[in-house]
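In: With the input below, show me the fold.
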Amino acid sequence: MNDLALLLTPAGRALLDEVRDTDPARELAVATRLRREHPAELVSAALGQARLRQRAAAKFGAEDAARMFFTPNGVEQSTRASVAAYRARRMAELGVTSVADLCSGIGGDAIALARAGIRVLAVDRDPLTAAAARANADALGLANLIEVREADVTGVDTAGYDAVFVDPARRGGRGRIFDPEAYSPPLSWAVSAARRAPHAALKIAPGIPHEAVPEDAEAEWISDGGDVKEAVLWFGTEPGAVRATLLPGPRTLLSRALPDPGVRPPGRYLYEPDGAVIRAHLVSEVADQVDGGLLDTTIAYVTADALRPTPYATAYEITDHLPFNVKKLKALLREREVGTLTVKKRGSAVEPEELRKKVKPQGPNAATVFLTRVAGAPAMLVGHPA
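Out: The predicted model follows:
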């Protein structure tokens, strides 16, 4: 708390501007120089905050990150700005004008909601985190739309708000928490809070079992740039709906409850579904789009004879299909003069780096090898992006 208070003073803000682009490798030298003119505590706080802002730029963008205030946990656990903005747009499209943002952290989601024109009550029980959220609302000119309250979310009255957003803590002293009832607050509490509001969104880990999704919720898995970021349970939208949303875009694939695709021999093309599609169990929808089947009942690779581009999967043209054999693969790559080798695996215990060391690729050409199973048998498929 004291560090943040120091940084919010005119002297603190001026020092933050001075150290904003400090190279971490030069931090000690910079600190030594600045301590001749400034209190050591202020210098340490400014350099620590500059370091956090540099890390946060990947999530919040350089312009916002340079003005915001962060805690180490805040940088680690905040929603990526692109994902928060997408969710805020969905809220606005539902007609939501006010949101109780419970477990608001340093305010990343509150900022996105406010920028969508939504009034926000941001609640967090940690004093430093709440102070950072308040400072961020002020720094980004959104204090008129964001009220920050330091409180236990379980005691907050959300009546009068159009929607509730809950982002429970999913990390503990030993790292990630996988049991939804071990979240803080537990998922069951968050669901009960959601059901009391006209609309609600609960941010959860993307690995949540589908059977843990309440029947009256819509489940959405979101990826950004191909990386799965989160799952969201929506209330007051389409109960039972399942969707995968890919950012940027957004592009959304809705479940049609299709049966599992059949297994078939490898065709000319292999489709690698986006991670959000796989987490949402929508591989069948992709297979239907490309008129394909599975290589194996337990592997989320789709194979087809024709190239039918889809935003929900990356297509590769397959040139070779081999049973798993490192020597044969090494000979094939040597023959093709492959020096740049991308190794992808699904259903294989072989580590990509281990394989790369064994085959020692050399040459001007590039290729992708898939380590997987075909109808239960270990296999290697070699090809390139279509």
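In: how about low-confidence regions in the stretch 101-250 of the chain?
Out: 171-175, 177 (pLDDT under 70).
In: Need the three-state assignment for Leu246.
Out: Secondary structure assignment for Leu246 (DSSP: H, G, I helix; E, B strand; the rest coil): strand.
In: What residues does it make contact with?
Out: Residues in contact with Leu246, defined by C-beta atoms under 8 Å, 6 or more residues apart in numbering, are Ile222, Ser223, Thr252, Leu253, Asp274, Ala276, Val277, Pro311, Tyr312. For glycine as for every other residue, the C-beta is placed from the backbone atoms N, C-alpha and C.
In: Got a quick PyMOL command for the buried subset of those residues?
Out: If you want just the buried ones from the contacts of Leu246 in PyMOL, going by 16 or more other C-beta atoms under 10 Å, the selection is:
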select buried, resi 222+223+253+274+276+277+312
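In: Out of the contacts of Leu246, which comes closest to Ala81?
Out: For those, the closest approach to Ala81 (C-beta to C-beta) belongs to Ile222, at 13.1 Å.
In: rewinding a little: just the ones of the contacts of Leu246 in helices?
Out: Ala276, Val277 (DSSP state H).
In: In terms of helices and strands, where is the residue nearest the centre of the chain?
Out: In the chain, the centroid-proximal residue (C-alpha atoms, centre = their mean) is Lys229; its distance is 1.7 Å. Element membership for Lys229 (DSSP states H and E) is strand 227-235.
In: picking that back up, out of the contacts of Leu246, which comes closest to Lys357?
Out: Each of the contacts of Leu246 was scored against Lys357 by C-beta to C-beta, and Asp274 proved nearest at 29.4 Å.
In: quick one: the closest one and Gly226 touch, right?
Out: Yes: with contacts defined as C-beta atoms under 8 Å, Asp274 counts as touching Gly226 at a distance of 6.4 Å.
In: Where do the helices of this structure begin and end?
Out: Remark: helices assigned in the chain by DSSP H are 2-7, 10-19, 27-34, 40-60, 62-65, 72-77, 81-93, 108-115, 127-139, 187-195, 275-279, 283-290, 326-335, 352-359.
In: And stretch 153-169, end to end?
Out: One end of stretch 153-169 sits 12 Å from the other (C-alpha to C-alpha, to the nearest Å).
In: which residues touch the residue nearest to the centre of the chain?
Out: Contact analysis of Lys229 by C-beta under 8 Å, 6+ apart lists Thr79, Arg80, Val83, Pro206, Ile222, Ser223.
In: What residues of stretch 159-168 count as buried?
Out: Taking 16+ other C-beta under 10 Å as the neighbour-count basis, stretch 159-168 is seen to contain the buried residues Tyr161, Asp162, Ala163, Val164, Phe165, Val166, Asp167, Pro168.
In: same thing with stretch 326-340?
Out: Leu329, Leu332, Leu333, Arg336, Val338.
In: Closest to Gly117 out of those?
Out: Gly117 has its nearest neighbour among the buried residues of stretch 326-340 in Val338, at 52.7 Å by C-beta to C-beta.
In: what's the closest non-adjacent residue to the closest one?
Out: The shortest distance from Val338 to any residue other than its chain neighbours is 4.5 Å, reached at Ala367 (C-beta to C-beta, 6 or more residues apart in numbering).
In: Measure how buried that neighbour is and give me the count.
Out: 22 (other C-beta atoms under 10 Å).
In: what does the one 3 residues further on give?
Out: By other C-beta under 10 Å, the residues close to Phe370 number 26.
In: ditto for Asn2
Out: Using other C-beta under 10 Å, Asn2 is surrounded by 9 other residues.
In: give the contact list for it.
Out: Remark: with contacts taken as C-beta under 8 Å, 6+ apart, Asn2 is in contact with Glu41.
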